[in-house]
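Undergrad: 3D model of this:
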Amino acid sequence: MSDPFLLKKTPLWNRRQLLKLGLAGLGVTGTALAVQQFAQTRQLTAKVKVPPLPNDASSSEDNRISPMAMLRNFDYGTVKKDNGRTIREFRIVAGNSTVQLNSAVSFVTWNFNGRVPGPTLRAKQGDRVRIIFLNNGGHSHSMHFHGIHPAEADGIKPVRHGAATIYEFDAEPYGVHLYHCHTAPVTRHISKGLYGMFIVDPPQGRPPADEMVMVMGGYDINDDKKNELYAFNGMPNYYMEHPIPIYQNQLVRLYLLNMIEFDAALTFHIHANFFRVYPTGMTLKPTQESDVITMGTAERHILEFAYPYTGKYMFHPHQDAIAESGCMGNFEVIAQG
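TA: Below you'll find the model as predicted:
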């Protein structure tokens, strides 16, 4: 029987060992990779008609953050065989990059694969998941996954700069989970951008829908342990300037995660509609319907809805100060051709 945690005896790899395995080039390609994976995702949702990306929705080269591409971008990893078992392998690199949050504020992020939030990793319940993690971030970092797994794969041991490790576990239970750096001080590492979503699909799947991811985050731009700016998928006010196109009368499945540090809780509200709530994504039947839901830090849910009328409809936290500081956007409901 294979070791459930491959690096149990050798938990850290140096760059020379990575070169031998051809893993030293675990770099990222920024927006180009996100767009490529977005196209793959569209093929997987062929039963659903997904609106094309708006022409003005690409990110700038210095930002390396494309919230519109991230919205429907799911990383299913690379499927491999190991001793007859299927392995879903992901490669993650911790690094630093500066993003221009608005015309006046730039911010040095600590991130996974060059983006905030990190890539949305996706597997099916029961899949064997292997995370090859290389730390090029200049500080010690790690990857801690929410879910069920052995202690050896819990990601609380810091990985020093220039070293690598592997986390391996079975994806369970199904639901909407997350990952983040768990190196102290954890709040600082998360608030700098080291977090992402981890979706585990139920074995039988879910009905077809226009699926999208929104991760709420905050930016403490002056290190006073308070957020001055907020964002959906990394960029303040992005979806106000670039409304999210969705089709009229088509089911939207929104994977929503709150990763805002320094604020104990906030709400999420959509205008002119109600959504069905699947708490933590760990049920196949909704438990309630509402147009607003309260979420603490690291809380996440699946929300499903469809708009019967065309037009622009806002979404935002109902804490107006947070919404007006960047955490606000629009759905643009368009008729299907």
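Undergrad: drop to CA atoms for contacts and neighbour counts, all remaining ones
TA: Noted.
Undergrad: got a list of what residue 334 touches?
TA: Residues near residue 334 by Cα atoms under 8 Å, 6 or more residues apart in numbering: 245-248, 310-311.
Undergrad: distance of it from residue 273?
TA: 15 Å (Cα to Cα, to the nearest Å).
Undergrad: avg pLDDT for stretch 166-174?
TA: Averaged across stretch 166-174, the pLDDT comes to 97.
Undergrad: can you give me the end-to-end distance of that stretch?
TA: Distance between the boundary residues of stretch 166-174 (Cα to Cα) amounts to 22 Å.
Undergrad: hang on, the earlier thing: out of the contacts of residue 334, flag the one nearest to residue 302.
TA: residue 246 (17.0 Å; Cα to Cα).
Undergrad: hmm, residue 51 and the closest one touching each other?
TA: Yes. Using Cα atoms under 8 Å, residue 246 is in contact with residue 51, at 6.3 Å.
Undergrad: what's around residue 326, how many residues?
TA: Neighbour count of residue 326, defined by other Cα atoms under 10 Å: 24.
Undergrad: now do the same for it: helix, strand or coil?
TA: coil (DSSP: H, G, I helix; E, B strand; the rest coil).
Undergrad: same deal with residue 188?
TA: Counting by three-state DSSP, the backbone at residue 188 sits in helix.
Undergrad: could you give the number of residues near it?
TA: So residue 188, with other Cα under 10 Å, has 19 neighbours.
Undergrad: could I get the pLDDT score of it?
TA: At residue 188, pLDDT is 97.
Undergrad: beta partners for the closest residue to residue 288 other than its chain neighbours?
TA: Excluding the flanking residues, the one nearest residue 288 by Cα to Cα, 6 or more residues apart in numbering is residue 277, at 5.5 Å. On the basis of DSSP bridges, residue 277 is bridged to residue 288, residue 303.
Undergrad: thinking again about what came up before, more neighbours: which of residue 246 and residue 51?
TA: residue 246 (23 against 14).
Undergrad: tell me the bridge partners for that one.
TA: Under the criterion used (DSSP bridges), residue 246 bridges to residue 333.
Undergrad: per-residue pLDDT, it?
TA: If you check residue 246, the pLDDT there is 98.
Undergrad: and if you look at residue 9?
TA: 33.
Undergrad: how about the one 4 residues further on?
TA: Model confidence at residue 13, expressed as pLDDT, equals 54.
Undergrad: over to the one 3 residues further on?
TA: Model confidence at residue 16, expressed as pLDDT, equals 51.
Undergrad: quick one: residue 81 and residue 87 touch, right?
TA: Yes. In this structure, residue 81 is within contact of residue 87 by Cα under 8 Å, at 5.8 Å.
Undergrad: give me the element residue 260 is part of.
TA: Secondary structure assignment for residue 260, by DSSP states H and E: no helix or strand.
Undergrad: so who does it touch?
TA: Contacts of residue 260 by Cα under 8 Å, 6+ apart are 191, 216-218, 297-298.
Undergrad: and the buried ones among those, selectable in ChimeraX?
TA: Only the buried entries of those go into this ChimeraX selection, using 16 or more other Cα atoms under 10 Å:
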select :191,216,217,218,297,298
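Undergrad: just give the closest residue to residue 140, not the sequence neighbours.
TA: In space, residue 140 is closest to residue 160, 4.3 Å off (Cα to Cα, 6+ apart).
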